[in-house]
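**Q** Quick one, fold the following:
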Amino acid sequence: MNAALIALQRDLLLATRRRSELLTTLFFFVVVVSLFPLGIGPEPEQLRRIAPGVLWVAALLATLLGLPRLFAADHADGTLEQMALSSQPFTMQVLGKVAAHWLTCGLPLVLLAPLLGLQFGLHGDELLVLMTSLLIGTPLLSLVGAIGAALTLGVRGAAVVLSLLVLPLFVPALVFGAGSVDAYIAGLQVNAHWSVLGAMLVLAAMFAPWATTAALRIAME
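**A** This next block holds a predicted model:
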């Protein structure tokens with residue numbers, strides 16, 4: 001775990017020096033969500049009905065926006081190769097980098113989502129359900145997205161290839177994440193949706209770092 005914490009601290013320190021990347025992700029999230037009420041109209045029930053899907057899709061795309069930078073800079077300056085050759089477990093270092101990506105990209109979206117949900121007419125309990133689903137789902141997006149970022153590392157047009165590769169894998173998280181809010185609005189239980197999201201997160205936390213590490217080693221050969 002020391003290797004993961006060191007990698008986490010390093011990436012968080014680098015993120016504080018590159019605030020423009022974080023602000024770009026947040027600004028993209030805010031703009032995408034805010035455009036829908038302007039384009040659809042002010043009908044309260046219609047906005048409330050589409051709110052879960054809009055916020056989840058926007059969070060998904062904002063997370064995807066930061067994935068190409070997850071390993072690219074370290075690969076370009078040779079840091080990634082030194083991490084692979086060090087005595088510390090490479091898998092744990094990769095896990096630390098993924099955790100840093102979620103803290104700088106996913107967690108701000110979770111905290112910002114309730115504020116943006118107000119413009120769609122969502123109520124307090126509905127905003128809490130939305131925030132909880134994003135809190136479970138965004139780490140899943142980072143873990144799965146890290147595999148795609150590793151597979152496309154060094155590939156020409158990596159951002160486009162990465163989008164085509166990971167967007168289909170994000171669909172289950174989108175379905176159950178947005179579905180939990182829809183279920184609550186309809187008066188149904190949300191535990192089933194959260195359980196499926198949690199199960200996918202546990203599986204991703206167990207296997208995604210290993211798959212990402214293998215893909216990175218292939219990319220560096």
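**Q** When you work out contacts or count neighbours from here on, use the C-alpha atoms and nothing else.
**A** Noted.
**Q** Tell me where the chain is predicted with low confidence.
**A** Scanning the chain for pLDDT under 70 picks out the ranges 1.
**Q** in this structure, which helix has the most residues?
**A** Using DSSP state H to define each element, the chain has its longest helix at helix 191-220.
**Q** What is the distance between it and the centre of its chain?
**A** Distance, stretch centre to chain centre, for helix 191-220: 12 Å (CA atoms, centre = their mean, to the nearest Å).
**Q** Isn't G145 up against L67?
**A** Yes - at 6.6 Å, G145 counts as touching L67 under the criterion of CA atoms under 8 Å.
**Q** Mind checking which of these two has more residues around it?
**A** G145 (28 against 24; other CA atoms under 10 Å).
**Q** Now for the more buried one: which residues touch it?
**A** Contacts for G145 (CA atoms under 8 Å, 6 or more residues apart in numbering) come out as L64, L67, V166.
**Q** quick one: the first one and S163 touch, right?
**A** If I follow you right, that is L64. Yes - using CA under 8 Å, L64 is in contact with S163, at 7.2 Å.
**Q** Which one's more surrounded, these two?
**A** Legend: neighbour count by other CA under 10 Å for L64 and S163, higher for L64 (24 against 18).
**Q** follow-up on the earlier one: could you list every helix and strand that the longest helix of the chain packs against?
**A** Judged by 3 or more CA pairs under 8 Å, 6 or more residues apart in numbering; DSSP states H and E, helix 191-220 is in contact with helix 90-101, helix 124-151, helix 158-185.
**Q** hmm, 6 Å instead?
**A** helix 90-101, helix 124-151 (3 or more CA pairs under 6 Å, 6 or more residues apart in numbering; DSSP states H and E).
**Q** Need these in CSV (columns: distance to A58).
**A** Shown next, in CSV, are the helices and strands packed on helix 191-220 (distance: least, CA to CA, whole Å):
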stretch, distance to A58
helix 90-101, 17
helix 124-151, 11
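**Q** Show me how far stretch 77-85 is from its chain's centre.
**A** With CA atoms, centre = their mean as the basis, stretch 77-85 stands 24 Å off its chain's centre.
**Q** Could you do stretch 214-221 as well?
**A** Here stretch 214-221 is found 22 Å from its chain centre; the criterion is CA atoms, centre = their mean.
**Q** Can you get me a residue count around P168?
**A** For P168, using other CA under 10 Å, the count is 9.
**Q** now what about stretch 34-47, what contacts it?
**A** Applying CA atoms under 6 Å, 6 or more residues apart in numbering, the contact partners of stretch 34-47 are F120.
**Q** Please identify the buried residues of that stretch?
**A** By neighbour count on 16 or more other CA atoms under 10 Å, the buried set for stretch 34-47 is S34, F36, P37, L47.
**Q** Over to stretch 57-64?
**A** Quick answer for stretch 57-64 (16+ other CA under 10 Å): V57, A58, A59, L60, L61, A62, T63, L64.
**Q** need these in TSV with secondary structure and distance to R156, can you?
**A** TSV is the format used below for those (DSSP: H, G, I helix; E, B strand; the rest coil; distance: CA to CA, whole Å):
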residue	secondary structure	distance to R156
V57	helix	26
A58	helix	26
A59	helix	26
L60	helix	23
L61	helix	21
A62	helix	22
T63	helix	21
L64	helix	17
